[in-house]
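sequence and predicted structure, then a few things I'm wondering about:
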Amino acid sequence: MRIGGGIEKPYHNPEEWYQLVSQLGYRAVLSPVDHTASAEEKRAYLACAKEYDLVIGEVGAWCNPLSKDPSERKKAITYCQNQLALAEELGANCCVNIAGSRGEKWDGFCEDNDSEETYALIVDTVREIIDAVKPGRTSYTIEPMPWMVPSSPEEYLQLLADVDRKGFGVHLDFTNMINCPERFVHRNQFVKDCFSKLAPYIKSVHCKDVVMEDTLPCVIREVMPGKGCLDYQQIVKHCDSLGENMTVFVEHLPDYESYKMAAGYVREQAVLAGVRLP
């Protein structure tokens, strides 16, 4: 496996980008450009990644292809298609988005997200994105969320079957699916189940941690790896079993130093677990 994450510092060219990546100790990277970059920029960053043996794990396509506003929905679908095409061009492990929301907040809870109509729209939308690009080297993936499809490994397996496209894979964020007290209590078994059920389809992994606060009715909060209750030696073993180029990213951290600390913790746990890192 290869560990990476965000940077949260500016860069203007591949050399500056690599210096930050190197200082963070990353062997996996998020795409340093989006689809609007020039062909020259894309080639330069890709050459830099290859020169230093970095795996581009994810091209983000963060938007709402389920928006109730037709113009916004069309714009989002086009953006996803363009970002997927970029992932294909770069040879990234995946292009990742969430399913989307029928509510006002693009990544938020909405009762309509749980309807049969919305599920059918998700299936059709994922197909529309993939069919426009027909990726051969990468996959379009959906990051699980607590309040939208897929919110369990079983839902993800069903979504894979219903979309029925070779270019559709799994982006695993087990933390986002720990969305109730039962899963929190049995969190390490739940993480194990996620990997065992989804392993053949996983293209990239997000690594975070969780705590449950002693308050009513129930608050489960995301924290950086090592600040919560998950067994990270178990997690890195699961990640390592997926192959040497499986990308594992820490995320949702406020600054460069936090990313350095979180990635360092995951590396430390890998060493303790006997996992060999590139």
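It's in.

and for stretch 216-223, what's in contact with it?
Contacts with stretch 216-223, where a contact means C-beta atoms under 8 Å, 6 or more residues apart in numbering, come from 175-176, 178-181, 184, 208-213, 252. Glycine gets a C-beta too; all of them are placed from N, C-alpha and C.

restricted to buried residues, select those residues in ChimeraX.
Buried members of the contacts of stretch 216-223, identified by 16 or more other C-beta atoms under 10 Å, are gathered into one ChimeraX selection as follows:
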select :175,176,178,179,184,208,209,210,212
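
just the ones of the contacts of stretch 216-223 in strands?
Asp209, Val210, Val211, Met212, Glu213 (DSSP state E).

specify which member of these is nearest to Phe190.
Using C-beta to C-beta, Val210 is the member of these that lies nearest Phe190, at 10.5 Å.

dihedrals phi and psi, the residue nearest to that closest one when sequence neighbours are not counted?
Taking C-beta to C-beta, 6 or more residues apart in numbering as the measure, Val210 lies nearest to Gly228, with 4.8 Å between them; neighbours along the chain are not counted. The phi and psi values for Gly228, taken as degrees, to the nearest 10, are phi -120, psi -150.

which pLDDT does the model give Gly228?
The predicted structure scores Gly228 at 97 on the pLDDT scale.

next, format the contacts of stretch 216-223 as CSV and append pLDDT and distance to Asp164.
Formatted as CSV, the contacts of stretch 216-223 follow (pLDDT from 0 to 100; distance: C-beta to C-beta, whole Å):
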residue, pLDDT, distance to Asp164
Thr175, 98, 28
Asn176, 98, 24
Ile178, 98, 28
Asn179, 96, 27
Cys180, 96, 30
Pro181, 96, 35
Phe184, 97, 33
Lys208, 97, 30
Asp209, 98, 34
Val210, 97, 33
Val211, 98, 38
Met212, 97, 37
Glu213, 95, 41
His252, 96, 32
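
wasn't Glu89 part of a strand?
No: when DSSP: H, G, I helix; E, B strand; the rest coil is applied, Glu89 is found to be helix, with no strand at that position.
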